[in-house]
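My questions concern the predicted model and sequence given below.
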Amino acid sequence: MTNWRWWLCSLLFVATTVNYLDRQVLSLTYEEFIKPEFHWTDDNYGTITAFFSIFYAICCLFAGKFVDWMGTKKGYLIAIGVWSGGACLHAACGWATAHLAGMDSVAAMRAVEIGSNAALTISTISVYLFLLCRGILALGEAGNFPAAIKVTAEYFPKKDRAFATSIFNAGASVGALAAPLCIPPLAKAFGWEMAFIIIGALGFVWMFFWAFMYDKPEKSSHVNEAELEYIHQDDAEEAAAKAAAAEAAKNEKSVSLWKAFRYKQTWSFITGKFFTDGVWWFFLFWAPSYFSNQFGAPATSGLGQALIFTLYAIVTVVSIGGGYLPRVFVDKKGMHPYAGRMLSMLIFAFFPLCALFAQPLGVRFDTPWWPAILIGLAAAGHQAWSANLFSTIGDMFPKSAIATVTGIGAMAGGVGSMFIQKIAGKLFTYAENAGSAFTFLGFEGKPAGYFIMFCFCGVAYLIAWSIMKSLVPKYKPIVLD
């Protein structure tokens, strides 16, 4: 039997890795390169990250439909082509800003006096250009996971799909770990523009391999009869299941988008996403800037790279237990699956409390390692929480409503993330300008702003869990009328 399906799985892994790398270039070049060149404030950066969060969530609602419409091969090619083009396009923002601002060169733009009208013009123009580029990036990146999941369904039997999915999904962790090791050195050696171009160009290289390697299993010259038979081993069972599902669907009522809001279970899921999704994006977008500002460890330094790498290594390792803990409560303690899941989420909701101690311990011992470790534990708690939160939909809603409620939750998470990013940007800019006049629990200026955000991130999950529990105190499945 040939094993072509695993070669395609490796391509999915690479695509997901590149997806995450492209997303991280801005955060790892912002503080040292982009911020001083375009005379940005943290408020400007917060606007851009907020826009990416909400626009990505909106695009995710339609990405799956697009891939189904275009087909797996073309759909994936278009998705990665769009996001790679958007990633590379960031590099032109400097030249375009200088041209639109009437500057002779990028160097002249950099030399403009901070706080002048010219600096304000440059920052305003550049923010809009970056918003355009981030929008293109979000539009393409939204297609990655729907396309990858569709490929696994086409090339793997049911028993192998979870394993194949775990392999390509590991690309997100690998991308997060690789980003601080490769992006800052590229920016330092060749300029921030080349960092965007080089990382973005990886997607175009991937497209070449995808165009020649992928085809439907029945049409692929690399798949022999034995592998094709293995891939389609579930066909008879699936055909029977589809027939049964079609019969059941005649009697199963669907739920409209607006009708879904009538149920407390929907609002429970909305609450979980709204309060917590933004925490993950906050750590993702602001951690490099935090280590640079607070501890003088820029992303281009060995220390800065080691800190970000350590943070995401902790996330990768610790979050693995997120899906396993409910099984312990159900299999060994005999709990109902929903009760076991909610108890697991309560346990994971305590992990982000580590963020409360990141700033005090970092300042007390004058080291960034405590914040890196504690933020890593908090972010790992989010990943474990998120895995269980998605599973609560299947616990309470019939299959005909799952996609609708998932889409509503994704939008709620995007809106929550948008608010957190924008508030963080405004808070950091205000705190930095106010200096010692702005205080919070013993911290002054921008460190006080960081501590405020860490405090919210720390308690957000317990707030969300409490509201969710009050809305749905015990297991209560939806019965559509």
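Yep, it's here.

neighbours of A349, just the number please.
When neighbours are counted by other CB atoms under 10 Å, A349 registers 24. For glycine as for every other residue, the C-beta is placed from the backbone atoms N, C-alpha and C.

got it, and G115?
By other CB under 10 Å, the residues close to G115 number 9.

need the strands for the stretch 301-450 of the chain, in chain order.
439-440, 443-444 (DSSP state E, counting those that start in this stretch).

For the stretch 201-350 of the chain, give me the ranges with low pLDDT.
237-255, 320-323 (pLDDT under 70).

Mind listing what's buried along stretch 303-311?
Using 16 or more other CB atoms under 10 Å as the test for burial, stretch 303-311 gives G304, Q305, A306, L307, I308, F309, T310, L311.

mind listing which of those residues are in helices?
Cross-referencing those against helices under DSSP state H gives G304, Q305, A306, L307, I308, F309, T310, L311.

Now render these as a markdown table, adding distance to I478.
Putting those into a markdown table (distance: CB to CB, whole Å) gives the following:
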| residue | distance to I478 |
| --- | --- |
| G304 | 48 |
| Q305 | 48 |
| A306 | 48 |
| L307 | 45 |
| I308 | 42 |
| F309 | 43 |
| T310 | 43 |
| L311 | 39 |
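
and A380, how far is that from L28?
As defined by CB to CB, to the nearest Å, A380 lies at a distance of 20 Å from L28.

name the helices or strands packed onto the biggest helix by length in the chain?
Longest helix in the chain by number of residues, with DSSP H as the criterion: helix 399-434. For helix 399-434, the packing partners by 3 or more CB pairs under 8 Å, 6 or more residues apart in numbering; DSSP states H and E come out as helix 42-70, helix 257-260, helix 264-295, helix 369-396, helix 445-471.

got the buried residues for it?
Using 16+ other CB under 10 Å as the test for burial, helix 399-434 gives 401, 404-418, 420-432.

for stretch 192-211, same thing?
Residues of stretch 192-211 classed as buried under the neighbour-count rule (16+ other CB under 10 Å) are 192-193, 195-200, 202-203, 206-207, 210.

okay, now the closest residue to I402 other than its chain neighbours: neighbour count?
Once flanking residues are discounted, I402 sits nearest to I393: 5.4 Å by CB to CB, 6 or more residues apart in numbering. By other CB under 10 Å, the residues close to I393 number 20.

Quick check: can you list the domain ranges of this protein?
Residue ranges for the domains of the chain, per automatic domain parsing: 7-217, 259-481.

what distance separates the start and the end of the first one?
It stands for domain 7-217. Domain 7-217 has an end-to-end distance of 13 Å (CA to CA, to the nearest Å).

how far is that domain from where the chain is centred?
12 Å (CA atoms, centre = their mean, to the nearest Å).

just stretch 349-369 next, same as before
Worked out by CA atoms, centre = their mean, stretch 349-369 lies 23 Å from the chain centre.

Can you name the residues in contact with stretch 439-452?
With contacts defined as CB atoms under 8 Å, 6 or more residues apart in numbering, stretch 439-452 is touched by 290, 293-294, 359-360, 363, 424, 427-428, 430-432, 434-436, 438.

same thing but at 6 Å, please
When contacts are defined by CB atoms under 6 Å, 6 or more residues apart in numbering, stretch 439-452 is touched by residues Q359, L427, F428, A431, E432, G435, S436, F438.

in stretch 466-478, what's buried?
I467, M468, L471, V472, I478.

Sort those by pLDDT and name the bottom one.
Ranked by pLDDT, the buried residues of stretch 466-478 bottom out at I478 (75).

Just confirm it is within a helix.
No: counting by DSSP: H, G, I helix; E, B strand; the rest coil, I478 falls outside a helix, being coil.

So it versus I183, what's the distance?
45 Å.

What of V106?
Taking CB to CB, one finds V106 at 20 Å from I183.

One more: Q294?
From Q294 to I183 the distance is 20 Å (CB to CB).

Which one's more surrounded, those two?
Each of Q294 and I183 has its neighbours counted (other CB under 10 Å); I183 has more, 28 against 17.

I'd assumed A195 was in contact with that one.
Yes: with contact defined as CB atoms under 6 Å, I183 and A195 form a contacting pair (5.5 Å).

Find the centremost residue of this protein, please.
W281 (6.5 Å; CA atoms, centre = their mean).

List the contacts of that residue.
Neighbour list for W281: S53, S417 [criterion: CB under 6 Å, 6+ apart].

picking that back up, adding distance to T72 as columns, could you present the buried residues of stretch 466-478 in a markdown table?
Output for the buried residues of stretch 466-478, formatted as a markdown table (distance: CB to CB, whole Å):
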| residue | distance to T72 |
| --- | --- |
| I467 | 39 |
| M468 | 36 |
| L471 | 39 |
| V472 | 37 |
| I478 | 32 |
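
distance of F443 from L427?
13 Å.

try R262
With distances taken as CB to CB, R262 is found 36 Å from L427.

before we move on, what about D234?
For D234, the distance to L427 equals 52 Å [CB to CB].

swap in A358?
Counting by CB to CB, the gap from A358 to L427 is 16 Å.

do M468 as well
27 Å.

got it, and W4?
52 Å.

Next: Y76.
In terms of CB to CB, Y76 sits 39 Å off from L427.

Equivalent analysis for S220, please.
Distance from S220 to L427, by CB to CB: 53 Å.

Equivalent analysis for P352, please.
P352 is 19 Å from L427, where distance means CB to CB.

Which residues are in contact with the residue nearest to P288 when sequence neighbours are not counted?
Setting aside the residues directly before and after it, P288 is nearest to A299 in space (CB to CB, 6+ apart), at 4.7 Å. The contact partners of A299, by CB under 6 Å, 6+ apart, come to L28, P184, P288.
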